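>>> Generate coordinates for the sequence data below:
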Amino acid sequence: MMGVSTIRRIFTTELQQQAVRKVDVIIGFFFLWVPILLHIFLWQAVYDINGNAGSQLGYTLPQMITYFVLTLMCQRLVGVQIHRLLNHQIIQGDLNRFMVQPLSHLGFHYTRNAAEKFSQFTYLLVPAAVLLLVFRENIVTPTVVNAALFALALLLSIALNFLIYYALGLLGFWFGRANQIMMFATALISLIDGSRFPLSLLPTVIQEVSWYLPFQYIFYFPIRIFIGAETPETIRNGLLIETVWIVIFYVLVRIFWSRGLKRFGAFGG
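So this is what the prediction gives:
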């Protein structure tokens, strides 16, 4: 376990590092406008050509545009590379210092991730404000309640996604360079987390199954809250399921870490 002072120091240090590379971050967000504008113009054209698109797809034009635009933004806040870093550390033996120091590897990297996401969130405020101002007719403005619930669901999705990919990175204890496995898992998750398209466009059976899996809570569920596509009941149940999955993956990560370290130590790191 890490103390509050340690967490604060790690968080502050990562914020300083993010400030150093702020030019790269700003350039990255500048290029984010290209896919955002493409989605806006694309869906405007689709709905103009097909007057029944709203009823066929189940979303109004503002909801559809907001869904894809918000997905692009949320990918910056939720996406992680911890699985690649962790796999590299296992292969290179860089975990040794965490075995001798009273510092939680999970806590250390999650705190760094939280600081990174906080920094990226501040940079996202400007494009978000511009979107609401310039494209306000084609962007959903959520209610205060939906905005708050979206923020809560997004915070949970950041934790859930981090734990999912952290667990994926731990495969390195057993499979060594697990690049191919991680690439396959990442591609599969991206198909069922709602980042490519709304899962409501899939067959009903797949939608019902995905409701109980953790992946739709990474993007699909939080964004549906934002655009007002979820009912109070489904929001309550979804937040509960999302929280349960966070607990499950946390327990799995602790088990994998404990057993993996024994294997790591047995082979000399």
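
>>> Okay, buried residues for the longest helix seen in the chain please.
Ordering each helix of the chain by length in residues (DSSP state H) puts helix 232-266 first. The neighbour-count check on helix 232-266 (16 or more other CB atoms under 10 Å) flags 235, 238-239, 241-242, 245-246, 249-250, 253, 256-257, 260-261, 264 as buried. Where you see a C-beta, it was placed from the backbone N, CA and C, and this is true even at glycine.

>>> wouldn't Thr141 be in contact with Leu133 here?
No. Counting by CB atoms under 8 Å, Leu133 is not a contact partner of Thr141; they are 11.2 Å apart.

>>> Could you pull up the residues touching the nearest residue to Leu149 once chain neighbours are set aside?
Distances taken as CB to CB, 6 or more residues apart in numbering place Ile225 nearest to Leu149, at 5.1 Å, with adjacent residues excluded. If a contact means CB atoms under 8 Å, 6 or more residues apart in numbering, then Ile225 has Asn146, Leu149, Phe150, Ala153, Ile235, Gly238 as its contacts.

>>> and what of Ser157?
Going by CB under 8 Å, 6+ apart, Ser157 touches Cys74, Val78, Tyr217, Ile218, Phe219, Phe221, Pro222, Glu242.

>>> distance of Val126 from His109?
Shown here: Val126 relative to His109, a distance of 28 Å by CB to CB, to the nearest Å.

>>> now Leu155
When distances are taken as CB to CB, Leu155 and His109 turn out to be 17 Å apart.

>>> Phe11 too?
Spatial separation of Phe11 from His109 under the definition CB to CB is 12 Å.

>>> Closest one to Ser195 out of the buried residues of helix 232-266, please.
Glu242 (16.0 Å; CB to CB).

>>> Name all residues that make contact with the closest residue to that closest one other than its chain neighbours.
In this structure, Glu242 finds its nearest non-sequential neighbour in Tyr217, 4.2 Å apart by CB to CB, 6+ apart. When the contact criterion is CB under 8 Å, 6+ apart, the partners of Tyr217 are Ala153, Leu156, Ser157, Leu160, Gly238, Ile241, Glu242, Trp245.

>>> Settle it for me: which of Leu155 and His109 has more neighbours?
For the pair Leu155 and His109, the greater number of neighbours falls to His109 (21 against 14), based on other CB atoms under 10 Å.

>>> Grab the nearest non-local neighbour of that one.
Ile82 (5.9 Å).

>>> Which pLDDT value belongs to the one you found?
Here, the pLDDT recorded for Ile82 equals 91.

>>> Same question for Glu230.
Glu230 is assigned a pLDDT of 96 by the prediction.

>>> Also the one 10 residues further on?
Predicted confidence (pLDDT) for Leu240: 97.

>>> Likewise for the one 5 residues further on?
At Trp245, the predicted lDDT confidence score is 98.
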